[in-house]
Every structure is written in C-alpha cells, then in structure tokens.
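Chemist: Give me a model of this one.
(chains A and B)
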Amino acid sequence: MKFDGRAARRFLGVRGEPDDALCKRFEDAAERVLAAATPNWTARLFPLQIDGEALDFGGGVLAFCSRDLARNLRGCDRAFLFAATLGAGVDRLVRGREAVGEMADAAMLQAVAGELADSLCEDVVAELARNPAVAGCTLRHRYSPGYGDCSLSIQPAFLAALDATRRVGISLTGANLMVPTKSVTAFVGVGKPTESPA
Amino acid sequence: MKTILDLIQQRLVFADGGFGSLLIERGFPGGVPEEWNLSHPDVVESIHLDYYRAGCDYVHANTFGSNRVKLAAEGGDSAAARWTAAGVAAARRARDAAGGGDRFVALDVGPTGKLLAPLGDLEFEDAVAAFAEQIRAGADAGADFVSIETMGDIYELKAAVLAAKENCNLPVFATVAFGSNGKLLTGADPAAVVALLEGLGVDALGLNCGLGPDTAAPLAAEFVRLSSLPVIVKPNAGLPRVEAGRTVYDVGPDDFAAQMAEIARTGARVLGGCCGTTPAHLAALRRACGGIEPVPVERKTRTLVSCATHAVELCDATPAIVGERINPTGKKRFQLALREGDFPYILRQGLDQREAGAHVLDVNVGVPGLDEQTLLPRTVRELQAVVDLPLQLDTSDPAAMEAALRACAGKPMVNSVSGKAASLAAVLPLVRKYGGVAVGLCLDDAGIPETPEGRLAVARRIVRAAEDAGIDRRDIVIDPLCLSVSAEPRAADVTLRAIRLVRDELGCGCILGVSNVSFGLPRRDTVNAAFLLLALRAGLTAAIVNPGSAPVLDAYRTYRALLGLDPHCGEYIRTHAPLPAAPAAPTAPASPTAPAPAPAPAAPPPPPDTPSALSDAVRRGLKAEAARLAAAALASGQDPLTLIDGAIVPALDDVGRNFEAGTLFLPQLLVAADSASAAFEEIKKHLATRGTARESLGRVILATVKGDVHDIGKNIVRALLENYGFDVLDLGKDVPPELVADTAAREGIRLVGLSALMTTTVPAMEETIRQLRARCPDCKVMVGGAVLTQDCANRIGADFYARDAMTSVRYALSLFKS
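Modeler: Below is the predicted model:
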C-alpha cells in the first residue's frame, strides 16, 4: 500500500498546498493506521454473461440487473470479483479516538484509512492482472456495488460468492453496509484477449 | 452409557472432515446447505455415513449455519429450528446405520456471519438468542453434544457458549478459526481464547478451519501448553485455490494424516478436518494415529484474565498493575461525568492508565442515585470497544455484577467476594457461570480481623467455598486488605504477613489496594511506592494503584529489574531511556496519541494576558497549551465565564470564519475545536469542585439515521456544538425514526440534526422528519451528510441544509439566540 496523503487531504476538503505541520499529522496518522491494519483480500474469476442490463456471474452464482455495470463490463466474458479490507483494527483505532473526543485525529485517521483502502484495491487489481488465467487480456476499471445503479442489495450474494465473511472477515450490517468499514467489494471485468499480443 | 467425554478420557478421538464440497459433489447447486436436511435427507445422511465408516467417532450435523441471524440473509430465518432438528436427525440415522455404539452426533454451531456491536450492528443478546434457538432445537432432536466452530470473534464465541450453557445440559466443544498471523479476525490470540473458554466452562477447545495442518501445528502446541482441557485440532486440507471454477485444496490424505499425527504426539486429543478434507483424509488420519498413545491432559495453574485480544497472567514474575482511576469515590469531576453520561471522560481515564502502564483496569461506577445495573455494563461495553485491557468489575451489587459479566468480552476479575455468607452465596455462582478471577476480601460478618492469622482464616473459608462452588483455586486471588498506617501503626505489617501466609498455605495469588496505606499522610506517592515494594516481595501478584503515579510505577519497574524478572532490564530501559527531543512544530501539538500532560496545579503565575494567550493556543490548535493556560487562569482566580466568552469562543469563531472563507480547512478547524475542548475540560473540572456548571445555550438532538453506520460527520458537528455551549443529546448511529421523535417530544427539543452518508438511507431521513413533524410541530430539523444537497433537503422537508459542521453551528446559534 502506498500513501502520499493527497487523497486523504482531499477527503477532508484541504485545498492547495498544505503546511508542513498538517502534512506531518497526516503522515503520523498513516503510520498508526498501517500499524492497526491487517490488510486482507480474496478474489475469484467468474465466467460472465451479459444480456442487455442482465448480468450473470458464474452461471447463477450472482445474477442481477445493472445498466451502468453492464456498460463497464461490455465486451467481457469473464470478471473478477474481489473483496478487500483493512481489518477491524482500523475501525477500532478510529472509534477509539472518536470515543474520547479526539475529533481532529479521528477525522484524519478516517481519511487516511480511506486512501489506504483505495491503495490496497490498486494492489489487488495489479495482482489480479498478473494472474496467468488472464494473460494477454486487459482489465477494466474496478466497479463497486453502490456505484451508479448497481445496488448494495447484491452485497450478501457478492460476499457469499467469495466466502468473504469466513475468508477475510467482512460482514454486512442490516443495511448491507460492510464492516469492518474500510472494506471494498468490486468487479473487475476481463476483456477478451487482444488479437496481437503487445 | 458412554459419553463423548468418557471417550476422550480413554483415547484419541476422531471428528469428521469437510462437508460442503461433498454436498456439491452430490448435486447441491449452492444456496443454504441446511435446506437439504429436509429436501434431501438421504444425501446428507450418506455423507455422515461415509465419515463414520472412515473411522470417525463423531460427525457434525449439517447445522453449521442454521441460526436465524445467518438465515435471515437468505430469507430462511423461520426455518432455523426445523432445519436444525432435521440435520441432527439425519446424522443420528447415519450413526445407527454405521452400527451405533461409541459413535456420537455433534450439533454444529457456526458464526452468525454478522459482526457484533460496537464494530458491527448485531447486539450481543440478539446473538445469544439466535444461538439459543438453534441449540434448543438441536438438543431436543437428540444431539449428543454441542460443537461451536469456526468462530472469528471472542464476543460472538462467548455468545454461543453462553447460549449452549443456558439452553442444554450437553457437553460443549468450541473451536476458533485463526488467520495466518496466529490471531482471530478481530485480533484474539490463543491465550485470550483459552482464558475465555475455560472460564465459561467448556469441555474441550481448540482450533478449526483457517489454516492447513502445517500452520496449525504451532498454534495447537500453544493450546496444549495453555489449556487444562482436551485440545481439538481440525484444520483445512492446506490452502484453497480455484481450479476450473472449483475450490480445491492442496494437501492429500496421506500428507494430512502424517502432519496431524505429529500434532497428536504434541498433545492434541481430538483430531479431525475442515474445508477440503474428505473421508479419505480421515481414514488415513485414523490409520496414521493407530499406535499413538494420547498425551495426558495436564492441569495448568496459571491465573489468567483476558480481554477481546489478549490475556494477562497474574504471577510473581509479572505482577499485574490494576489501574484504580475509574472510580467516582471522592472525585467530583468523575461523578459529574457519570451523571451526564460523559463517556469520553471515562474512556480517557482508561486510555491514560493504559498509556501509563496498567495491565488491567478496575471499573467502579457506583454513585448514589444512579442505576449501577445499567451503568456498569454500559461502561464495560464502551471501555472494551476502545481500550484493549482486561477489566476488573468492581461493584457490591450482584445484579450489576451479573449484567457486567455478560457484557464483558473476556475473562474479567470479579471485585469482590468476601467471607460474608451472603456475599459468597451471591457472587461465587456468577464467577462459576461466566468465568472470572474472584477477588476474595479478608473480611466477614465480624469485620476485618486484626491479625494476619485471622485474615488467613477468612481467606481459607473463601477458597473452600469457591472450590465447593466449582471454581478452580487458580481463579481466586486474595485481598488481605490494608488499613491506613496513620490510623493503625501495625496495619502495613499485618497485611504483609497476611500475604505471606496466604501464599504459603493456600497457594493462590494476592491482590491489594495499595494506596489505602498512606491515607492521611503527606507525600502519599512515596509511601505507596515503598509499600508496593514490600508487598511485591511478600508475594503480591496484582496491585491496585494509580498508574499515573510516577513513584509507584518506578518502584514496580525497578523491582522487576532488580530481581531479574525484567529480561535485560528491557522494560526499565524502555521506560526511562531519554527520548529523542521532539522537533518543534509551531502549529501542531505533539503526537495526537500522547495523553495531554496533566496541567500542574502549581504552574508558574500566568502572564498578565492569559486570555489572549489562551485564544492564541486554541486558534493554533495547541491542545496541551490551551489546557495549561486555562488551568493557570482559573487557578489565578479568573472568572470562567470571561475565559469562555472572552477567549475561547472568539478564537473558535475566528477559525470558523477562516474555514468558511476557505483559508483554513476541516483538520485545522477540528484541531482548534479539540484545543477548545481541552480548555473547557479544565473549566468543567473547576466548576465541578464548586458544584456549578457552564450555562447551556440550548439542547440539540443529533442522530445518524436508521440504516447508516457512518457517524463521523455527526460526531464532528457534536464536538463543535458542545464547544459553543450547546447540550447535545447524541442518539448515535443507525437510529430508528421513532426514537428520534420520541426523544424530541419527551425532552421538548427545539432543534434536531440528522445525518446520512448513503443514498439508500435518505428515505429513512425523510421518514424521521415526517414523524418529527407529527410529534413536535415546533421542532426545527437540520440535515447534512455526503449525499445531501439543498434540493434533497427541500424535497424531504428539512428546515435547513447544513453543508458543513460550521454551518450547523451558525444555524443553531441563530435559532437559540433569536
């Protein structure tokens, strides 16, 4: 995972060049988030059938409609599903600072954890791209449930398809939000192999 | 008739292996496996039969996920009990088909798939209820014992074991799933698991799933080293990988069996498999273990207490420092915090003590007029979510003690039981049921005996009664009590001799509230430190002290270094080596994790312009400086109101204006707010000693709406509103509309702030506003959060759209000042 603080500062609305003291605080927050984090992920490659807005991963393992995701995955006959998390320790860290009224610190930790979770996803996608099963194929940008018209209601089936609760400890609240909160689920479409390898 | 426990006494016992992949091989298309207990019972039965024929002594009924919480996600929650019963029945038919005899059926109890509160949204008692329903159904259907499996969280594990203990009389086995880091998903190590499970009185314990036999082996050895119970090991067949769309595992039957045989030789008594293992694996395992003589289960004598992540041993080498500061006795500020429900204040006491070196935290919230039976468990829940230390539950009210024992995510110390008959009768059964280390006070109906021998006699009676109640002697520590030497010259000597007598004759550990000895004397810390050294030398294994007292902690660390108990004087050096000088950071305080140093009451006289210096400190976010200046100003007789209105609030306003102008950003606004809070804390402390309080600008309800768990935005608004002098009733996150409306109506609230981050929860916000309009027509509603816009706010009928935290404050001020 990489951290440069730019995304974290943007999450908190910091514009322009921040002063050194503020940067230092973000760096310090990143160090503590990394110490509390137990990054973990799991992924699986599924055959994909697209019929208009209807998507079917793995022949019925996960089937639903989404116009926006169908557009993202157009031309793909396979897709990775992945679930990644920074782990419960990060939630505990942020909660702990909030619980004692350290709001500035909590907000910065939260923002930093957001950036690191994104960075973890980049690492996951890079790892997926190295998978021999997709050699010579291009991967689409990752696309998460909750984006566009892709409903969060698919989350239970998504996590079940990866056995993600048991494997990486991601579970859902009654409103289908993930806990630990710094967790990401996403689809990564696999394009057909290019005719002439680059 | 022989039970599974009789069998474990006699020889190695073999459990079954994986189930799901065998079900898929036989045509299961995916979905809820337990459904097949009713729709395809013959298939389920045939898999069990294969395992019995492979030589397994017991099989797990196909009931792993048949609890109503897990099934609710699949829409089958009403079927939980039926599927459980059918699963047990299928396993029993397989047993009969295999020839009955010494073969057993375990009711398999797996996790709910939800994370428990506070990290998740499943309440502890709801988890207990879901497991209870499953366990009653399984026991009624004739299961021979309960096997709780694959647990990844200490708190959920406790819920399952309690449900088993409360709803059947069957033996209980419990195994957990470790990750490759040797910890559970929520962070517990093997010692924390062993302490909890032995405390709760399970019959066998260990690990399953998660790891292959190679990586499970060291953890299995750790369980054998720590536990007095038979150890169960049921790993996966190595690591999973997906091949042609199917999950396969890389360890074949013979390798699996060979590695497991090694684990049996190191002392595991129950062997089986989990994901990826098959009847062939188990048959090979049974053959490989043919000539292995089981290692006898050894009784361990360590005194362990635990929290959700780790255990602490009370022993001579590392006597435990038990922090005494969470206690309102004689502390006006603490009493105020309890009356106001100011948990941040209480939690800070916990964090500060941890930082200072406490190993265990005493928790006492007894204040006349407050409901301890609600307050103690709530404090336990709040504390354990933030501070990872074992707790010492400190109350004389048995009902409060029981509620706190249920809430506790670990094995706590139970402070206390005395030699009085009523106390023994009330407290010991609780320790027996929930697990814990009982603190036995050497006093009885006749009072505190004057002689060491008299105190030993009481201790003897407590130990005997505890053992009669089924509590192991290692789970009792004796507090020989100490009176003040200023009132009773021989008090310290009597206590020290009593410690030696107890250690020599009874063999159990000793604990002491060290600070009592110095009551009425000057320089109490000096006396306490000296007495602590003497008591440690006499055999104290836990000391209740103020970890913030440097002389006391220095004495403790020096003692361990001098007696060779601190390897290479490591801890001593870590604590006392000079720290590298902190770089000067003009606009940022030191590391935000460092506790703010307590402002010295004897600070140098404040400069003449303290208010402007205080303003400056708040503006620049210098938290410790702001607290110090406020304390100094108050000590020099400045009026608190002048400080608030003349220094702190104007500084906040400045920062707020710069934030609104876009020249400062949220982090700086929050740092300033935190600094203002630190100054207000000093004012609050000052006013509390005078029995007064800051005047409130008005009362505001804040809530994150139903379905939403993101509450940092709401918490930021709360921090700012409180700084400006509003009383905030924070209803938390995921708050049902009715609760907001009820509270507003009951409390006569004029302003409610609602927050939502997710698009999906905006309808809940709209419903909350609708109910508020119906119940409290005069109440104003402001809304905010990532998904909200002015349009959206208008559409759902809010009075005000707060685009950021500062705007909320401005709106509240305009409303209450008009």
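
Chemist: out of everything not next to it in sequence, what's closest to B:Tyr434?
Modeler: Sequence neighbours aside, B:Leu405 is the residue nearest to B:Tyr434 in space, at 4.0 Å (criterion: Cβ to Cβ, 6 or more residues apart in numbering or on different chains). Any C-beta I mention is one placed from the backbone N, CA and C, and that applies to glycine too.

Chemist: what sits up against the helix or strand containing that neighbour?
Modeler: Secondary structure from DSSP states H and E places B:Leu405 in helix B:398-407. For helix B:398-407, the external contacting residues (Cβ atoms under 8 Å, 6 or more residues apart in numbering or on different chains) are B:124-125, B:162, B:363, B:372-378, B:380-381, B:393, B:395, B:412, B:414, B:426-427, B:430, B:433-434, B:436.

Chemist: Just the residues you listed: which are in helices?
Modeler: B:124-125, B:162, B:372-378, B:380-381, B:426-427, B:430, B:433-434 (DSSP state H).

Chemist: Show me what the longest strand that chain A contains is packed against.
Modeler: Longest strand in chain A by number of residues (criterion: DSSP state E): strand A:40-51. Counting contacts by 3 or more Cβ pairs under 8 Å, 6 or more residues apart in numbering or on different chains; DSSP states H and E, strand A:40-51 is packed against strand A:54-57, strand A:76-85, helix A:103-129, helix A:155-162, helix A:164-168.

Chemist: partners of the least confident helix or strand in chain B by mean pLDDT in the sheet?
Modeler: Lowest by mean pLDDT, DSSP states H and E among the helices and strands of chain B is strand B:240-243, with a mean of 76. Sheet pairing of strand B:240-243 (DSSP bridges) gives strand B:246-249 (antiparallel).

Chemist: Tell me which helix or strand comes right after the strand it pairs with.
Modeler: Following strand B:246-249 in sequence, per DSSP H and E, is helix B:253-265.

Chemist: what number of residues lie near A:His141?
Modeler: 10 (other Cβ atoms under 10 Å in any protein chain shown).

Chemist: contacting residues for it?
Modeler: A:Asn72, A:Val188.

Chemist: repeat for B:Val439
Modeler: B:Val439 neighbours (Cβ under 8 Å, 6+ apart): B:Gln392, B:Met413, B:Val414, B:Asn415, B:Ser416, B:Val417, B:Val477, B:Ile478, B:Asp479, B:Ile511.

Chemist: Show me the subset of those that also lies near chain A.
Modeler: With Cβ under 8 Å from any Cβ of the partner chain as the criterion, those include none near chain A.

Chemist: what would those residues look like in a markdown table with pLDDT, neighbour count and distance to A:Asp163?
Modeler: Listed next are the contacts of B:Val439 as a markdown table, based on pLDDT from 0 to 100; neighbours: other Cβ atoms under 10 Å in any protein chain shown; distance: Cβ to Cβ, whole Å:
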| residue | pLDDT | neighbour count | distance to A:Asp163 |
| --- | --- | --- | --- |
| B:Gln392 | 98 | 27 | 40 |
| B:Met413 | 98 | 30 | 39 |
| B:Val414 | 98 | 29 | 39 |
| B:Asn415 | 97 | 28 | 43 |
| B:Ser416 | 96 | 22 | 46 |
| B:Val417 | 98 | 27 | 46 |
| B:Val477 | 98 | 26 | 44 |
| B:Ile478 | 98 | 29 | 49 |
| B:Asp479 | 98 | 28 | 49 |
| B:Ile511 | 98 | 29 | 46 |
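
Chemist: For the helices and strands packed on strand A:40-51, give me JSON lines that also has mean pLDDT.
Modeler: Shown next, in JSON lines, are these (pLDDT from 0 to 100):
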{"stretch": "strand A:54-57", "mean pLDDT": "96"}
{"stretch": "strand A:76-85", "mean pLDDT": "97"}
{"stretch": "helix A:103-129", "mean pLDDT": "96"}
{"stretch": "helix A:155-162", "mean pLDDT": "94"}
{"stretch": "helix A:164-168", "mean pLDDT": "90"}
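
Chemist: Quick one: closest of these to chain B.
Modeler: helix A:103-129 (3.4 Å; Cβ to the nearest Cβ).

Chemist: Only the buried residues of that closest one, if you could.
Modeler: A:103-121, A:124-125, A:128 (16 or more other Cβ atoms under 10 Å in any protein chain shown).

Chemist: Does that helix pack against any helices or strands, and if so which?
Modeler: By 3+ Cβ pairs under 8 Å, 6+ apart, helix A:103-129 packs against helix A:6-11, helix A:20-36, strand A:40-51, strand A:76-85, helix A:88-99, strand A:183-191, helix B:666-689, helix B:712-724.

Chemist: angle of the second one against helix A:103-129?
Modeler: Comparing the axes of helix A:20-36 and helix A:103-129 via axes from the mean of the first three to the mean of the last three Cα atoms, to 10 degrees yields an angle of 60 degrees.

Chemist: Is B:Ile701 in a helix, a strand, or coil?
Modeler: strand (DSSP: H, G, I helix; E, B strand; the rest coil).

Chemist: I'd like to check what contacts stretch B:307-316. Which residues are they?
Modeler: Residues contacting stretch B:307-316 (Cβ under 8 Å, 6+ apart): B:153-155, B:183, B:186-189, B:191-192, B:194-195, B:302-306, B:320, B:359-360, B:384, B:388-391, B:409-411, B:437, B:477, B:509, B:511, B:539, B:541-542, B:565.

Chemist: Which members of those residues are classed as buried?
Modeler: B:153-155, B:183, B:186-189, B:191-192, B:194-195, B:303-306, B:320, B:359-360, B:384, B:388-391, B:409-411, B:437, B:477, B:509, B:511, B:539, B:541-542.

Chemist: Out of the residues you listed, name the ones that lie in strands.
Modeler: Among the buried ones among the contacts of stretch B:307-316, the members falling in strands (DSSP E) are B:Leu304, B:Val305, B:Ser306, B:Ala320, B:Val360, B:Leu391, B:Val437, B:Val477, B:Gly509, B:Ile511, B:Ala542.

Chemist: I'd like those laid out as a markdown table, including distance to B:Ile701.
Modeler: Output for these, formatted as a markdown table (distance: Cβ to Cβ, whole Å):
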| residue | distance to B:Ile701 |
| --- | --- |
| B:Leu304 | 44 |
| B:Val305 | 39 |
| B:Ser306 | 38 |
| B:Ala320 | 42 |
| B:Val360 | 37 |
| B:Leu391 | 31 |
| B:Val437 | 42 |
| B:Val477 | 45 |
| B:Gly509 | 48 |
| B:Ile511 | 44 |
| B:Ala542 | 43 |
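
Chemist: Of these, which is the nearest to B:Ser486?
Modeler: B:Ile511 (22.6 Å; Cβ to Cβ).

Chemist: now the closest one, nearest residue through space, not along the chain?
Modeler: B:Ala542 (4.0 Å).
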